[in-house]
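Trainee: 3D model of this:
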Amino acid sequence: MEKIIFSLKFFLKYPDFKSWGKKKKMNSLKKYRERLLMSKAELARKAGISTLTIDRVEKGKTCRLETKRKIILALGLEISDRGKIFGNG
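Mentor: The predicted structure is shown next:
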C-alpha cells in the first residue's frame, strides 16, 4: 500500500517525468512574439490557428509545415526567415 501511495504522490508531483533526459526541439517563437509585444491570441488570430497550437509550438512540440508557414507569415517575416523562429531543422 505504501508503494502505491508513494507512486501516486510521485506522479502528481512530477507528471512529466517520462520526458526527463529527452531533449525537446526548442524554437524562438515565444521570445520573438514577446519582442513584438504580441499576445498568443493575437498571433493565433493573424495566423488562423488556435491559441492551443501556438502554446504547443512554443513548448517545442512538433507541428505541420503549413502551421509553421502560417506562424512565420503572421509574424511579418518571410518564409526564408524561418530559421529565426524554428532554427535550421
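
Trainee: ok, for R56, nearest residue in space, not its chain neighbours?
Mentor: C63 (7.0 Å; CB to CB, 6 or more residues apart in numbering). C-beta: built from backbone N, CA, C; applies to glycine.

Trainee: any weak-confidence spans in this structure?
Mentor: Within the chain, the ranges that satisfy pLDDT under 70 run 1-26, 89.

Trainee: mind listing the helices for it?
Mentor: Counting by DSSP state H, one finds helices in the chain at the ranges 2-13, 29-35, 40-47, 51-58, 65-74, 82-86.

Trainee: Can you give me the buried ones in the last one?
Mentor: Read that as helix 82-86. Buried residues in helix 82-86, counted by 16 or more other CB atoms under 10 Å: R82, I85, F86.

Trainee: Show residues contacting it.
Mentor: Under the criterion CB atoms under 8 Å, 6 or more residues apart in numbering, residues N27, S28, L29, Y32, K68, I71, I72, L75, L77 lie in contact with helix 82-86.

Trainee: could I get the buried residues of helix 82-86 as TSV with distance to K40?
Mentor: Listed next are the buried residues of helix 82-86 as TSV, based on distance: CB to CB, whole Å:
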residue	distance to K40
R82	20
I85	14
F86	17
